[in-house]
Structure formats: structure tokens, C-alpha cells
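Chemist: Give me a 3D structure for the following:
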Amino acid sequence: MKIAFVNFDLGRRNAVPSILTNISLELNKKHRVKVFCGIKPRDRGGLSFQSVNFLGFPFFRDFWFSLTSFFWFKKKDFDVAISSGLPFLNSDLVVSPSCILHAVKLLWTHNKKIPIPVSWTDKIIITINIFPALFLEFLVYRFRLYKKIVSVSTIHKNQLMQLYGVPDSDIEVVPCGVEFSRFNSSPFKRSKIRNKIRGELGLKEQKVILFVGTEFLRKGLAYLIESIPLLVDETAVLVVVGDDNRVPYEDQVKRLGIENRVFFVGRKENLQDYYFLSDVFVFPSFYESFGIAALEVMASKIPVLISDNCGVTEFISGDSFLSIDEPWNVKEIARKTDLLLSNSKDVKKMVENAYLDVKDFSWGKVSKKYAKIVAEIPKNKKQLKQ
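Modeler: Numbering: from 1, shown residues only. Model prediction:
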């Protein structure tokens, strides 16, 4: 079977390239797989890639890449065409990592006081930037321009059904996976990496709280920063990994007088090294269809505090992590972060439970689920033609 994967930017360090690359590698063992993209990944893993030179504007490039796929992609040359992330208009299987419309609704309807200023102008600008992708999402899901959808969680599946009227039978739920080899390093290597980064940040014996992600507003970073002065451990520091506009958050840090306790380090390719650096991972996101970082942290044997709004929580047993009922409740964030920082016997047991849980999420096991779904698509096509 000839299979095509289409995605604009495979150089990003997030769930979409991870899903596409690992599924492609698994399917490539038995089928002929070709990947079409605008930006290739650094590690190509022996896959066949074709860069697409498409006519597009210098902005919204992923949108134009997907929208113009009708012209540069010859679907008839393949048995199955798969898009991940922002869907293109003639795919058979859409691997959907999030619902943009839900995120926009959340931006406009969230009425809890945010510790950083978010004006109407800010919301309008964010919405304008998102609109092209939202428009494409609307076309694909509302007019059913697909044969099948894979959702990364039931939370996400329900959003597609409620907001776009996608039939239940059109959606399969398959979680993200994790590469254990990247996170299962020896204690000696972990300690060496940890000490190296601590030296770079000027840290001594302080415990480290880790936050990872872009879109700081949606992922609740402002509330996590607000909780830092409330911690019992007055020496614990927060390390923020990821790209976004730092200015309002840096102003918040100055207002709270915790400049020496919060470190913005930007995007990092060696993300696993920062997992090894940390003592606790905190992720108070308002909406996360899955939350692959939490899965990776669990594989790194680091205790996790995560919002109930994250899809990963439906796949992991409740005794493997602590949850945040209300992401805006800074007192709850502080109290539960302190509990994890204590590294008590219960916390150590929680970490071990999480590690055992995530063993079921190897990319080998997850990819086999995708293989079954992909195998059914040509059969369904033939039935439709008859």
C-alpha cells in the first residue's frame, strides 16, 4: 500500500511531528510511505521526504500549505493520504491533535481574573492570527472532507462532535506515544545533565519546578507564577521552557518580587535534559487535548501536577499524578506543588505508578493502532464506489 503523510512543519518540537514521524516509521515497515512537508525534521529516520515549494504568503504559511494542497499533491498516486495537525482539504485520514474553535471560545468566555493584563485588543489579535487555521478546520470537519478522524483523547473527540457535528462513528480515539529511549537514562547521566544545567542557571540546592509549552496564556502559566510566592518551600524555583511573548509574564514576576525564582529559557531541542533537571512538573492548562509533555515527564520519573482539562488524564490511573480541579486556583497549585516537592513515600510511589502506566504508550504499541485504522480506509473507499 502506498501512503502519503502531509504536514507543513516537521521541525517543531510538539505532539504533531512526534505522531507523524513515529507512525510513518511503523507503517514504513510494511508499506511504501512518503512524507510531504514544507520544513523537514532534523532526524529523518530513513523515511522518504519531499519538500513542497508552494506559492504562499510569508505569513500563515501552514494555512496556505494546506489550502493549496489540491494543486501540488496528487492524491491518485496513493492509496491513503494522511494529514496531521492542520488538516489539508483532500486527506483520507485526519490526525487531529486539538480543536481550534474550542480554544478560541475559551479565550473569549473565560471569566476568571487573569494575573496578567489581557485586553480586548489582545484577544482580537490572537483571534485574527488563529482565524485562517480555524477556517480550514471548519471546512474539513463541517463538510466532512475526510474518510476518518483520529482524535488524541475523548475530551477532544467530544468537542469535534459538539462544535462541528462530526458523527461519533467517524472518530477513533488513539492517544499519543512516548519514546522511552530518550527519557530512560542512567542515574549517572541524569545527574551529570542536571548539574550542568543547574550551573548554567546559577542554581545550587534549590528544587526546580518545570513548566513546558507555548501559548502561555492558554496553558495557565500566569497562575503558576502567581503561586510561587505561596509555596512553603521559599527557595524553590520555576523554569519555563517554551516560546511565547514573555513581556507580560516578566512584568508579573517583577510585580511579585520573585525575579530570582523564575527562569525563562526559551525553546529547547534537548527537552529531556530539562526533565532531568526538574523535581516537579506543573501544567495548569485550561485546555489541552492531550498533553504529551506530561507523558514524557512521567517516563522520566518526575512527579506531575496537571489540570483535569488535559486529555492525558483519561488514560493514566488516578494514583499516578496529582490533578488541579481549577487551573486558576493558585492556592491549590501551591499546596499540591509543595506536596510533590516533599518527595514523600507517597510521592515516590506515585512516580513509580506513573512510570508503569506510560509503558503502555510506547510508539510501537500506539502505531499498531494507527496501522489497523489505515488498513481499513482503502476497503471503505471500495465500498463507497460500489
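Chemist: Doesn't Y249 lie inside a helix?
Modeler: Yes: applying DSSP: H, G, I helix; E, B strand; the rest coil, one finds Y249 inside a helix.
Chemist: Surely it touches L217?
Modeler: No: under the criterion of Cβ atoms under 8 Å, Y249 makes no contact with L217, lying 9.4 Å away. Where you see a C-beta, it was placed from the backbone N, CA and C, and this is true even at glycine.
Chemist: Name the residues contacting each of these two.
Modeler: Overlap of the contact sets of Y249 and L217 (by Cβ atoms under 8 Å, 6 or more residues apart in numbering) consists of I116.
Chemist: V6 and L86: what is the separation?
Modeler: 10 Å (Cβ to Cβ, to the nearest Å).
Chemist: Looking at the two, which is more packed in?
Modeler: With neighbours defined as other Cβ atoms under 10 Å, V6 and L86 compare such that V6 has more, 29 against 25.
Chemist: mind listing what the more buried one touches?
Modeler: V6 makes contact with V35, F36, C37, S66, S69, F73, A81, I82, S83, S84, F88, S91, according to Cβ under 8 Å, 6+ apart.
Chemist: what's the answer for V95, then?
Modeler: Applying Cβ under 8 Å, 6+ apart to V95 gives the contacts V16, I19, L20, I23, I82, S83, S84, G85, V150.
Chemist: Who's the closest spatial neighbour of it, skipping the chain neighbours?
Modeler: S84 (3.9 Å; Cβ to Cβ, 6 or more residues apart in numbering).
Chemist: Mind listing the shared neighbours of V6 and L86?
Modeler: Shared contacts of V6 and L86 (Cβ under 8 Å, 6+ apart): S66.
Chemist: Mark out where each domain of the chain begins and ends.
Modeler: 2-177+363-385, 180-361 (automatic domain parsing).
Chemist: just to revisit the earlier point, dump the contacts of V95 into CSV; add distance to S362 as well.
Modeler: Listed next are these as CSV, based on distance: Cβ to Cβ, whole Å:
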residue, distance to S362
V16, 19
I19, 14
L20, 17
I23, 13
I82, 21
S83, 24
S84, 19
G85, 22
V150, 17
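Chemist: Which strands and helices lie in contact with the helix or strand that contains L136?
Modeler: Per DSSP states H and E: L136 is located in helix 120-142. Using 3 or more Cβ pairs under 8 Å, 6 or more residues apart in numbering; DSSP states H and E as the contact test, the elements touching helix 120-142 are helix 61-67, helix 100-109, helix 154-164.
Chemist: Can you name every helix or strand that the longest one contacts?
Modeler: Spelled out, it's helix 154-164. Using 3+ Cβ pairs under 8 Å, 6+ apart, helix 154-164 sits against helix 100-109, helix 120-142, strand 148-151, strand 171-173.
Chemist: and among the ones you listed, the most buried is which?
Modeler: Comparing the helices and strands packed on helix 154-164 by mean neighbour count (mean count of other Cβ atoms under 10 Å), strand 148-151 ranks first with a mean of 24.
Chemist: in its sheet, what does that strand sit against?
Modeler: Next to strand 148-151 in the sheet, as set by DSSP bridges, lie strand 93-96 (parallel), strand 171-173 (parallel).
Chemist: Turn those strands into TSV, columns for distance to D122.
Modeler: Listed next are the strands paired with strand 148-151 as TSV, based on distance: least, Cβ to Cβ, whole Å:
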stretch	distance to D122
strand 93-96	27
strand 171-173	33
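Chemist: need the least confident one among these, by mean pLDDT.
Modeler: When the strands paired with strand 148-151 are compared on mean pLDDT, strand 93-96 scores lowest, with a mean of 92.
Chemist: I'd like the C-alpha coordinates of that one written as PDB, please.
Modeler: Taking Å, rounded to 0.1, in the frame of the first residue of the first chain, the C-alpha atoms of strand 93-96 are listed here in PDB:
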ATOM      1  CA  LEU A  93      -7.300  10.300   7.500                       C
ATOM      2  CA  VAL A  94      -7.000  13.400   9.700                       C
ATOM      3  CA  VAL A  95      -4.900  13.000  12.800                       C
ATOM      4  CA  SER A  96      -6.400  15.800  14.900                       C
END
